[in-house]
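[1] no sequence on this one, just coordinates:
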């Protein structure tokens, strides 16, 4: 039971002595037709409007004069959302449910912010360790708390994305495993209806979690720029 339950998250499935699971993160290059990019269709216009809204919002959050810096986070949002949606298809490896994938995105991004901030804005980074208005007796404790909160940021980003992806997929799998034990009436009325609702919820979670990941990364960058 537990082996079947977690088999969709197993990254060690081999075909012809090759691990093909992680290739799923590059399937978009083959699935998205070239006409989507060459001809301004309705899908293209819809996606362009979404990117324009994200660009304005990320630019406001960063509050910087570095033109084009918001496109880093737009690309991050698009890539995570694509992988989240891809994991909803049957028999496709859910890469965004693994810490090796989410930490690969969160850790280098956070580390680059920290290195840039401490080299170029050292006094500004020290000022962030002690919030304004903190009593003198509490300053050593606030420095420890702020330092720990800064160090665990990439871990919280990675765990939040992976945990939300795993939770929804496991719930869908658990409900799907109850299908053989139900009669046809309950199968149609209860199980299929609940699975459709959960699938819609998972689609919303895929968008929300990719948006949260990108927004939090943007807020972290705004502290060092």
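    Good, I have the coordinates. Since we're looking at a predicted model, the values are computed, not measured.
[2] C-alpha only now, for contacts and for neighbours.
    Will do.
[3] Quick one: the helices in the chain, in order.
    Using DSSP state H, the helices of the chain run over 2-5, 28-31, 35-38, 42-62, 70-86, 99-120, 122-128, 139-151, 153-177, 184-186, 192-222.
[4] Mean pLDDT and mean neighbour count added to those, as CSV?
    What follows is the helices of the chain, written out as CSV (pLDDT from 0 to 100; neighbours: other CA atoms under 10 Å):
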stretch, mean pLDDT, mean neighbour count
helix 2-5, 48, 10
helix 28-31, 66, 10
helix 35-38, 60, 11
helix 42-62, 84, 15
helix 70-86, 88, 19
helix 99-120, 89, 16
helix 122-128, 81, 13
helix 139-151, 86, 14
helix 153-177, 86, 17
helix 184-186, 70, 11
helix 192-222, 89, 17
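[5] Could you check these and tell me which one is nearest residue 92?
    Of all those, helix 70-86 sits nearest to residue 92, with 7.0 Å by CA to CA.
[6] quick one: contacts of that closest one?
    Helix 70-86 is contacted from outside by 24-25, 28, 51, 54-55, 58-59, 62, 92, 94-96, 165, 203, 206-207, 209-211, 213-215, 217-218, using CA atoms under 8 Å, 6 or more residues apart in numbering.
[7] Need the pLDDT of residue 98.
    Here the pLDDT value assigned to residue 98 is 86.
[8] Report how many residues lie close to it.
    Number of residues near residue 98 (other CA atoms under 10 Å) recorded here: 19.
[9] I'd say it and residue 162 touch.
    Yes - with contact defined as CA atoms under 8 Å, residue 98 and residue 162 form a contacting pair (5.8 Å).
[10] distance of the residue nearest to residue 209 when sequence neighbours are not counted from residue 124?
    Spatial nearest neighbour of residue 209, excluding adjacent residues (CA to CA, 6 or more residues apart in numbering): residue 161 at 6.1 Å. Plainly put, residue 161 is 30 Å away from residue 124 if you go by CA to CA, to the nearest Å.
[11] Over to residue 82?
    If you measure residue 82 against residue 124 using CA to CA, the figure is 36 Å.
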